[in-house]
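[1] Everything below, folded, please.
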Amino acid sequence: MDLDPTLLTWAFVGGGLALMFLEVLLPGGIAFFLGVGGIVVGGLRAVGLLLDPLMATFTWIFLSSGLTIALRPLVLRFAQGETSLGLTDEDAEAMGEIVKVVEKVGPEEAGRIRFRGATWDARTLEGTLPEGAEAQLLYRDNLTWVVEPVDHADLDAELSEAIGEDVTRQDETAGPEPTDRSSDRSGLGYDPSAPQTG
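    Numbers count the residues shown, from 1 in each chain. Alright, predicted model coming up:
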């Protein structure tokens, strides 16, 4: 069974055009150069060259490969799309967050912290954090978070600057300050008739 030469010529041209249009769906330059090779081989067959189907196929393979290897880097350099960089890394978003230590954390021994509802291995660069302490996430090393103690004075200063009022934390080890409940007739823990601030 002989293959119709005209049909094979149109197959190379049609296949080449289809591959070039496929480049829109699969960008990268490879389908485009395969298509260019198909159109060139179809054109050579139309003018009477490359009449042997096997020779036309090998010519298409080598021509397409050569075009792809030689011209693709040039085309990609000049026809690159617009790119933008955005913060997509969850680790980068988590850096600086305050977490609770659920198992003693130190530089030599990994402890555990609670972060976003799960517990994670954690270690410090220096010093030890006891269970129940707060820590700040620095970075993640594989599956272990590296943390540091939270400096409440820095946090208080940032908060004071943000809201425009002096904010100081009460020493958590001393317990709550005693309140004068003589004016608290409502049992709310404060006097609702007193002037309110904020």
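[2] I'd guess Lys11 is in a helix, am I close?
    Just to correct that, residue 11 is Ala rather than Lys. Yes - looking at Ala11 with DSSP: H, G, I helix; E, B strand; the rest coil, it is inside a helix.
[3] Could you check how many residues crowd around it?
    Neighbour count for Ala11, taken as other Cβ atoms under 10 Å: 18. The C-beta positions use only the backbone N, C-alpha and C, and glycine is treated the same way.
[4] Just give the closest residue to it, not the sequence neighbours.
    Leaving aside its sequence neighbours, Ala11 sits nearest to Gly42 (Cβ to Cβ, 6 or more residues apart in numbering; 7.7 Å).
[5] what sits against that neighbour?
    Gly42 is in contact with Thr9, Trp10, Ala11, Phe12, Val13, Gly16, counting by Cβ atoms under 8 Å, 6 or more residues apart in numbering.
[6] Pretty sure Arg112 sits in a strand.
    Yes - when three-state DSSP is applied, Arg112 is found to be in a strand.
[7] so how far is Gly16 from it?
    Distance, Arg112 to Gly16, using Cβ to Cβ, to the nearest Å: 61 Å.
[8] the more surrounded of these two?
    Gly16 (23 against 18).
[9] Would you map out the domains in the protein?
    Following automatic domain parsing, one finds the domains of the chain at 5-77, 90-152.
[10] Please name whichever of these is nearest to Glu165.
    Closest to Glu165 of the domains of the chain, according to Cβ to Cβ: domain 90-152, at 16.4 Å.
[11] Might you list the low-confidence residue ranges for this structure?
    Within the chain, the stretches with pLDDT under 70 are 1-2, 80-89, 91, 152-163, 166-198.
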